[in-house]
Each structure stands twice: as structure tokens, then as C-alpha cells.
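A.B. asks: can you look at this prediction? I've put the sequence above it.
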Amino acid sequence: MTYRRTLGTFCTVAVVILVAGATPARAQLLTHPKSWTVTPFLQGSTGVSGPNTDNSVGLGVAAGYDLTSNLGFEGELAHLFDVVGNDTNVDWSVTNVSANAIYHFDVQHFTPYATFGLGFERSSINVKSPDPLILVPPSSTEVAYNFGGGIKYRINDTLIARADLRRFQAIDTAPDYWRLYGGLMFSLKR
């Protein structure tokens, strides 16, 4: 519980610092109105809720459209491989599909952003040698929401480095967790 509180405090302070330091710098923005982007990414989870859970790694991809230089929308598909990595008898994967709104802040040299999204979380449990005395929660698909933020940094005209931290909350039995990811964003149209 202390780890989650510390991580939450850190995220809050980081967002406040980014918002307070925001200054108009339209020429430096990485987003262009009416443009498309694709971001493949590597991800890691931490603070996974549930019994005997552990951190996991995964892959994902996001496709985005910037409506204005500040407001964008993004669809995302992400998969964590196994959130009970210490147990060789059980594999518990988590897949998220979400639609997210993204607000880009006007800051020089890099672009911080905040995001909120809704979607579905598929929690799949596979027990290799089931013990008849242990109850295993069933696999499920649930409504989930996410919130967080990140930064983007231009490498060249078409490539942008991106880092993102988000909290995923499922409505019922699927695990809740923090996700940190790093990816390369490809700008498809300017």
C-alpha cells in the first residue's frame, strides 16, 4: 500500500510540475492538426492487484489522430504476458483494448501529455495442473478505464520517442495495475 501511495504522489507532483512549467511554444509542438500516428511499444506492469501477482512485460500498439495541436484521440491494443510470473503452474495474461483522449501541453523541446480512456480488459487464466481443492477465478472480459500521462520527444521528421505511465482499473475481478511503456511513434501525415 505504501508503494502505491508513493507512486501516486510522484505522478501527481510530476503532472503539477509539467503544467506549471508549460509556456506557449507552438513552433516546438510535436503534434500537428489532422495528422495520424502509429506507436508500437514495450510495456511493463507494476502494482498488480490480486493474489500472488507479480510484475509482467508485454507489447502493444496505438494508432492516434491529432484533431488540434493540443487535443488528440488514440486507439490502443496492449497485452501483458503473465502477471503471476513466479508460478510455473499458472499463466495469467491481460489484454486491453481502449479508446483514449490525449491533451498535449505547450512546452519547449518536448511535449508532455495527459490521457484518459475507456475500454475492455480481457483477463485470461490458464492453469497447467489444476488442483481440485483450489478455486481459480474464471477468465473474464470487463469494462476498464485508464488515466495517466507521458512525454514525447522528436528524433527526426517522422520518428518521435515516447514514454507513458498509466493506471488501469477494471470494474470487477480483472487485475488493476500501473503500466510504464516506451515506444517509437511514427508520424504518418503532416
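C.D. replies: Arrived safely, thanks for sending. Just so it is clear, the model here is predicted, and its values are computed rather than measured.

A.B. asks: which one is the residue nearest the centre of the chain nearest to, not counting chain neighbours?
C.D. replies: Nearest residue to the geometric centre of the chain (CA atoms, centre = their mean): R166, 4.6 Å. Nearest non-adjacent residue to R166, counting by CB to CB, 6 or more residues apart in numbering: G148, 3.2 Å away. Every C-beta, even on glycine, is put in place using the N, C-alpha and C of the backbone.

A.B. asks: same thing with D91?
C.D. replies: Nearest non-adjacent residue to D91, counting by CB to CB, 6+ apart: N126, 4.4 Å away.

A.B. asks: the one you found: neighbour count?
C.D. replies: Using other CB atoms under 10 Å, N126 has 12 other residues around it.

A.B. asks: can you confirm it is in a strand?
C.D. replies: Yes: under DSSP: H, G, I helix; E, B strand; the rest coil, N126 falls within a strand.

A.B. asks: after the helix or strand of the chain with the lowest mean pLDDT, which helix or strand is next?
C.D. replies: Using mean pLDDT, DSSP states H and E, helix 2-20 stands out as the lowest-scoring helix or strand of the chain, at a mean of 48. The helix or strand immediately downstream of helix 2-20 is strand 35-46, counting by DSSP states H and E.

A.B. asks: strands paired with that next one, and their directions?
C.D. replies: strand 57-66 (antiparallel), strand 177-187 (antiparallel) (DSSP bridges).

A.B. asks: can you list contacts of that strand?
C.D. replies: Applying CB atoms under 8 Å, 6 or more residues apart in numbering, the contact partners of strand 35-46 are 7, 55-66, 78, 80, 83, 94, 160, 162, 164, 177-190.

A.B. asks: now list the buried members of these.
C.D. replies: With neighbours counted by 16 or more other CB atoms under 10 Å, those contain buried members at 55-56, 58, 60, 62, 64-66, 78, 80, 83, 94, 160, 162, 164, 177-181, 183, 185, 187.

A.B. asks: and the host helix or strand of A161 with strand 35-46, angle?
C.D. replies: In the assignment (DSSP H and E), A161 maps to strand 159-170. Counting by axes from the mean of the first three to the mean of the last three CA atoms, to 10 degrees, strand 159-170 lies at 50 degrees to strand 35-46.

A.B. asks: show me what strand 159-170 is in contact with.
C.D. replies: 11, 30, 37, 39, 41, 96, 115, 121, 123, 142-155, 176-187.

A.B. asks: now with 7 Å?
C.D. replies: Outside of strand 159-170, the residues within contact range by CB atoms under 7 Å, 6 or more residues apart in numbering are 11, 30, 39, 96, 115, 121, 142, 144-155, 176-187.

A.B. asks: good, we can wrap up now.
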